[in-house]
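1. Got a sequence here, can you build the structure:
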Amino acid sequence: MQQRRAAGLLLSAVRSVRNIHLDNPADTLTSQFLYLLSSFNLSQHVHFPTHDKNHILDLVITSSDTLLAPDVSFIHWSPSDHFPVFTRLSINPTPLPPPTLQHFTLSGGYTP
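-> Predicted structure coming up:
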């Protein structure tokens, strides 16, 4: 059986889950959330503080087996207490198989 990879799943959220700081894996809610992501084969790509209190509150989540390759960055300036998070996606498509050519012979004496 041929395995197929997910074409792409991208979720982005700002503090989607209340009181979960992803920079504190020892916290019960954080560890449960990270376990939930792992159990659904999802990866969280923001690994730097996105809040002025040095917490990771913004999320960029993809399927672990996706063809999307997010590059996540931020600017350490904002008029609010959250820093802007930017995501650039590089999509690495799966190459298509070579085309299959088929030849047909017509009956009845027709010759092209």
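2. Run the chain-centre distance for the lowest-mean-pLDDT helix or strand in the chain.
-> Sorted by mean pLDDT, DSSP states H and E, the helices and strands of the chain end with strand 10-14, the least confident at a mean of 72. Offset of strand 10-14 from its chain centre (Cα atoms, centre = their mean, to the nearest Å): 9 Å.
3. buried sites along that strand?
-> residue 12 (16 or more other Cβ atoms under 10 Å). From N, CA and C alone the C-beta is placed, and that goes for glycine too.
4. cool, stretch 26-37 as well?
-> For stretch 26-37, burial by neighbour count (16+ other Cβ under 10 Å) applies to 30, 33, 34, 37.
5. Give me the below-cutoff pLDDT ranges for this protein.
-> Applying pLDDT under 70 to the chain picks out residues 1-8, 14-19, 92, 104-112.
6. Walking through it, point out its helices one by one.
-> Counting by DSSP state H, the chain has helices at residues 28-39.
7. For it, which segments count as strands?
-> 10-14, 42-44, 58-63, 68-74, 85-91 (DSSP state E).
8. So which of the buried residues of stretch 26-37 is the closest to residue 99?
-> Checking the buried residues of stretch 26-37 against residue 99 with Cβ to Cβ, the nearest one is residue 37 at 39.5 Å.
9. If we ignore the residues flanking it in sequence, what's nearest the closest one?
-> residue 44 (5.9 Å; Cβ to Cβ, 6 or more residues apart in numbering).
10. Kindly report the same for residue 93.
-> Per Cβ to Cβ, 6+ apart, closest to residue 93 is residue 67, 6.6 Å.
11. Surely that neighbour touches residue 90?
-> No - using Cβ atoms under 8 Å, residue 67 is not in contact with residue 90, being 9.3 Å away.
12. between those two, who's got more neighbours?
-> Neighbours per residue, other Cβ atoms under 10 Å: of residue 67 and residue 90, the larger number sits with residue 67, 16 against 9.
13. what's the more buried one sitting at in phi/psi?
-> phi -90, psi -10 (degrees, to the nearest 10).
14. State the distance from it to residue 59.
-> Per Cβ to Cβ, to the nearest Å, residue 67 is found 20 Å from residue 59.
15. Next: residue 72.
-> 10 Å.
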